Structure formats: C-alpha cells, structure tokens
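1. model the following, please.
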Amino acid sequence: MDRKGVENYQITLGGSADENAAIGTRVGAAFSYDEIVDAVETIVNTYLDIRQDEDETFLQTFNRVGVTPFKETLYATH
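-> Below is the predicted model of the structure:
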C-alpha cells in the first residue's frame, strides 16, 4: 500500500489456498519498507516459539492460537 508516496506493507496471517480457501486475518497497522523484514522475522520467531512440535505447520499453529500472540510480538516495539 502507498501512503503519501511511501511504501507500506499490510500483513495478513492464516490464509489458505487449498480446498478450504480463506483470506488471512489482518494483524494491524501497516509496516514501512524499513520495518517489514524485521516484522516477518518476528512472525517466524513467534511461530517457532509457540508451535507444539517441529511437525506443526505455521497454519496449524495459527489456527490453534489465533492472531493474538503474533500481534502482541509484532507491536510490542512497533
């Protein structure tokens, strides 16, 4: 998305392109170009911290816990 000529990125989580197609849940305010890489890294690290085991996929984890843990870690310092 473009805000006053500045690139910003909206993050959605939990979408699916399989037979149960779904649009992801928007996690909150957009991130600037300079923030997006750190935001994605935070999401991945949150997933790794809260998954039940190494076989639990990101989508399985998201469906189990919802958006809240990801939102909390993303915006703790944003």
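
2. so where's this protein shaky on pLDDT?
-> For the chain, applying pLDDT under 70 flags the ranges 1-3, 77-78.

3. give me the most central residue, it.
-> Leu13 (4.6 Å; CA atoms, centre = their mean).

4. for Ser16, see how far away the residue nearest to that residue when sequence neighbours are not counted is.
-> Distances taken as CB to CB, 6 or more residues apart in numbering place Gly24 nearest to Leu13, at 5.2 Å, with adjacent residues excluded. (Each C-beta comes from the backbone N, C-alpha and C, glycine too.) Per CB to CB, to the nearest Å, Gly24 is found 8 Å from Ser16.

5. ok, now Ile23?
-> Per CB to CB, Ile23 is found 9 Å from Ser16.

6. what do you get for Val27?
-> Taking CB to CB, one finds Val27 at 16 Å from Ser16.

7. and for Val67?
-> Plainly put, Val67 is 15 Å away from Ser16 if you go by CB to CB.

8. the two: which is more packed in?
-> Val67 (17 against 13; other CB atoms under 10 Å).

9. once you drop chain neighbours, what's closest to the more buried one?
-> Thr25 (5.0 Å).

10. OK, contacts around that neighbour?
-> Going by CB atoms under 8 Å, 6 or more residues apart in numbering, Thr25 touches 12-14, 67.

11. using the three-state scheme, assign the nearest residue to Tyr33 once chain neighbours are set aside.
-> Nearest residue to Tyr33, sequence neighbours excluded (CB to CB, 6+ apart): Glu7, at 4.7 Å. The local conformation at Glu7, judged by DSSP: H, G, I helix; E, B strand; the rest coil, is strand.

12. and for the residue nearest to Thr12 when sequence neighbours are not counted, the neighbour number?
-> Among residues not flanking Thr12 along the chain, Gly24 sits closest, at 3.2 Å (CB to CB, 6+ apart). Gly24: 15 surrounding residues under other CB under 10 Å.
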